[in-house]
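> structure for the following, please:
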Amino acid sequence: MTDRFRKFIAGFGYAFQGLWYTIRTQHNARVHVIIAILVIVLGIYLRISALEFAIIFIAISGVFITEMLNTVAELCVDLASPTYHPLAKIAKDVAAGAVLANAILSIIIGLCIFGPHLWGLFFHQ
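All right, here's what the predicted structure looks like:
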């Protein structure tokens, strides 16, 4: 095995460590994972289409990726500015706002996909 290939494979290990760090240390990331599992189970139960599942997975991934980038921003700000600074607060707030905006978009996507299925389930036999 070449050194280059070993480094390539090691990169996956580092990436999985980053995923695990986020899930282990970030409460909101754990909430996102739980909600994602519930949404996937609901999708299976409602037998949504492959295209609808693809859109749901894009939404789930978007929220989780944004949560990870928010974690990066928070850690970098804490490293660069260990004491309170108004610009540090703004940077953290903007990063958190990106997660919120993505979560709201994902809720809208979920309503668009699951709404008709749930409507049919509850109001039509």
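
> measure the spatially most central residue of the chain to Y14 for me?
Closest residue to the average C-alpha location of the chain: F64 at 1.3 Å, with C-alpha atoms, centre = their mean. To Y14, F64 is 17 Å away according to C-beta to C-beta, to the nearest Å. In short, each C-beta sits where N, CA and C put it, glycine included.

> and what of I108?
34 Å.

> before we move on, what about A96?
Between A96 and Y14 the computed distance is 25 Å (C-beta to C-beta).

> give me the more crowded residue out of those two.
It is A96, of A96 and Y14, that has more neighbours when counted by other C-beta atoms under 10 Å, with 16 against 8.

> what sits against that one?
The neighbourhood of A96, defined by C-beta atoms under 8 Å, 6 or more residues apart in numbering, consists of N70.

> give me that answer again for 10 Å
Contacts for A96 were tallied using C-beta atoms under 10 Å, 6 or more residues apart in numbering; they are 28, 66-67, 70, 73-74.
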